[in-house]
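Visitor: sequence below, structure please.
(one chain, ligands or ions: 3)
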Amino acid sequence: PLVLGIETSCDETGIGIVQGRRLLSNTIASSMDEHARYGGVVPEVAARAHLEALQPAIEAALSEAGSTLGLDGPLPLSALDAVAVTSGPGLAGALMVGVGAAKALAVSLGTPLYAVNHLVGHIAADILTGEEVEYPTVALLVSGGHTSLLLVRDLTTDVELLGETMDDAAGEAFDKIARILGLPYPGGPQIDKAAADGDPTAIRFPRGLSRASDMQKHRYDFSFSGLKTAVARWVEQREAEGLEVPVADVAASFREAVVDVLVTKALDACAAYGVPRLLLGGGVIANRRLREVALARAAQAGVAVRIPPLSLCTDNGAMIAALAAELISSGRRPSTLEFGADSTLPVTEIQIAEPDAE
Ligand code: ATP
Ligand code: MG
Ligand code: FE
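Guide: Numbering: from 1, shown residues only. Ligands and ions are numbered 1, 2, ... in the order given. You can find the predicted model right below:
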């Protein structure tokens, strides 16, 4: 099926078009520049930006899809078999803009509408790489808003949350440490750059929820607030002693602590569930060290790692369209139109507002 997907859960306005498992276009407009001076995503600013970016993004996606298909002009809206939209989780106001647009589009075109889960969308992104996807797989989603470890037995019916962050998301931790080190927002790429010249073993920062006593209740959960405090204290103490702060070493040691705990817990889940596959997703996957360590340690453990291209790892509409296309292929009926935006939608709800069985 030809599906147009709309993603507006955070600061990216993503419009993607797929034909089954084939990616036709993936247009992303980000309002990140507008948030940078506030040091974080401002929900109302994001929502207003979606409102302005949606129409041009849809047109750009239709043009791109037209040229992918070798058409003379843009793909006509009338060619779409379905519309898909992120219903949650995410920023409520931002989600509402996408949901409103998707409903209007589907109603005016008379096409079915599929309301889907953003996190499961991140997993669906992998389908668009064109390689054979196998389940079950463990999936680690790390972004500015999420740090989730999932067991995916079946993309359209069975996604289990093994663990998640108890406080900050991994990307958020990068952003906060960058601020402590005087680096600009968003901090992830800045820390990555600064860490390149640093020694990852210079300072031993804590690995959250990794002690034996945490293993019972929080084996697959994450915590980055203790790490953040440890870095802040370390930096304060240096400054109090009148010493220079070795930014590169702090960045490298901090990054190592985050990467270590993410990879250790993900591979622990692979071993415990006997699943030799690990899928990585979310914007923090841009982190070079994370990819490096994940690939090296997974190879040792006999686990195959999948890392989609970054354009499919960060928030985008193509992954939303891909998930809907899978739902359609597996015979699921469209969502009924009374759904809204659910900022805390659990990952187990893959499709929202499914009609009652007859
Ligand atoms: P959501 O949580 O809804 O997926 P988001 O917009 O917060 O949305 P992404 O756009 O996927 O998340 O990722 C942005 C986050 O990724 C930011 O916190 C940013 O600092 C972090 N990030 C980006 N590049 C890197 C990097 N090289 N290393 C570490 N973190 C990074
Ligand atoms: Mg983002
Ligand atoms: Fe996301």
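Visitor: do you know how far the residue of the stretch 51-200 of the chain found nearest ligand 3 is from E132?
Guide: As assessed by Cβ to the ion, ligand 3 sits closest to S143 within the stretch 51-200 of the chain, at 4.7 Å. Placement of C-beta: from N, CA and C, glycine included. Using Cβ to Cβ, to the nearest Å, we find S143 at a distance of 26 Å from E132.
Visitor: which of the two has more residues huddled nearby?
Guide: Each of S143 and E132 has its neighbours counted (other Cβ atoms under 10 Å); S143 has more, 24 against 6.
Visitor: before we move on, back to that, got phi/psi on the closest residue to the residue of the stretch 51-200 of the chain closest to ligand 3 other than its chain neighbours?
Guide: Distance criterion Cβ to Cβ, 6 or more residues apart in numbering; nearest residue to S143, sequence neighbours excluded, is G282 at 3.5 Å. When read as degrees, to the nearest 10, the backbone of G282 gives phi 100, psi 160.
Visitor: following element in sequence after the lowest-mean-pLDDT helix or strand in the chain, please.
Guide: None of the helices or strands of the chain scores lower by mean pLDDT, DSSP states H and E than helix 32-36, at a mean of 92. For helix 32-36, the following helix or strand on the C-terminal side (DSSP states H and E) is helix 43-68.
Visitor: get me the contact residues on the stretch 251-358 of the chain for ligand 1.
Guide: Taking Cβ under 6 Å from any ligand atom, the part of the stretch 251-358 of the chain that reaches ligand 1 is made up of G282, G283, V284, A286, N287, T314, D315.
Visitor: get me the contact residues on the protein for ligand 2.
Guide: By Cβ under 5 Å from the ion, the residues of the chain that approach ligand 2 are C10, D11.
Visitor: for V247, see how far away the spatially most central residue of the chain is.
Guide: Nearest residue to the geometric centre of the chain (Cα atoms, centre = their mean): G282, 3.1 Å. Distance, G282 to V247, using Cβ to Cβ: 25 Å.
Visitor: does the closest residue to P89 other than its chain neighbours sit in a helix, a strand or a coil?
Guide: Spatial nearest neighbour of P89, excluding adjacent residues (Cβ to Cβ, 6+ apart): L345 at 4.6 Å. For L345, the secondary structure call by DSSP: H, G, I helix; E, B strand; the rest coil comes out as coil.
Visitor: neighbours of L345, how many?
Guide: L345: 23 neighbours (other Cβ under 10 Å).
Visitor: show me the contacts for it.
Guide: S87, G88, P89, N117, H118, I352 (Cβ atoms under 8 Å, 6 or more residues apart in numbering).
Visitor: show me which residues of the stretch 101-250 of the chain sit near ligand 3.
Guide: So far as Cβ under 5 Å from the ion goes, the stretch 101-250 of the chain lies against ligand 3 at S143.
Visitor: show me where the protein has its helices.
Guide: 32-36, 43-68, 92-109, 118-124, 170-180, 187-195, 215-218, 225-240, 247-273, 288-301, 310-313, 318-329 (DSSP state H).
Visitor: now those in JSON lines, with mean neighbour count and distance to S78?
Guide: Formatted as JSON lines, the helices of the chain follow (neighbours: other Cβ atoms under 10 Å; distance: least, Cβ to Cβ, whole Å):
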{"stretch": "helix 32-36", "mean neighbour count": "15", "distance to S78": "34"}
{"stretch": "helix 43-68", "mean neighbour count": "19", "distance to S78": "11"}
{"stretch": "helix 92-109", "mean neighbour count": "20", "distance to S78": "7"}
{"stretch": "helix 118-124", "mean neighbour count": "29", "distance to S78": "25"}
{"stretch": "helix 170-180", "mean neighbour count": "24", "distance to S78": "39"}
{"stretch": "helix 187-195", "mean neighbour count": "21", "distance to S78": "41"}
{"stretch": "helix 215-218", "mean neighbour count": "11", "distance to S78": "51"}
{"stretch": "helix 225-240", "mean neighbour count": "15", "distance to S78": "51"}
{"stretch": "helix 247-273", "mean neighbour count": "21", "distance to S78": "44"}
{"stretch": "helix 288-301", "mean neighbour count": "16", "distance to S78": "41"}
{"stretch": "helix 310-313", "mean neighbour count": "18", "distance to S78": "27"}
{"stretch": "helix 318-329", "mean neighbour count": "28", "distance to S78": "17"}
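Visitor: and G16, which of those is closest to it?
Guide: Shortest distance between G16 and those, using Cβ to Cβ, is found for helix 318-329: 2.8 Å.
Visitor: list the contacts of that closest one.
Guide: 1, 3-7, 14, 16-21, 23, 25-26, 81-82, 84-86, 112, 114, 116-118, 120-122, 124-125, 127-128, 155-156, 312, 350-351.
Visitor: in ChimeraX, how would I select just the buried ones from those?
Guide: Buried residues among these (16 or more other Cβ atoms under 10 Å), as a ChimeraX selection:
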select :1,3,4,5,6,7,14,16,17,18,19,23,25,26,82,84,85,86,112,114,116,117,118,120,121,122,124,125,127,128,155,156,312,350,351
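Visitor: narrow the contacts of helix 318-329 to those in strands?
Guide: Those of the contacts of helix 318-329 mapping onto strands are 3-7, 14, 16-19, 23, 25-26, 82, 84-86, 114, 116-117, 351, per DSSP state E.
Visitor: still on that earlier bit, adding pLDDT, write the residues of the stretch 251-358 of the chain next to ligand 1 out as a markdown table.
Guide: Shown next, in a markdown table, are those (pLDDT from 0 to 100):
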| residue | pLDDT |
| --- | --- |
| G282 | 93 |
| G283 | 91 |
| V284 | 95 |
| A286 | 93 |
| N287 | 95 |
| T314 | 94 |
| D315 | 96 |
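Visitor: between those residues, which is nearest D168?
Guide: Distances from D168 to those, taken by Cβ to Cβ, are shortest for V284, at 11.8 Å.
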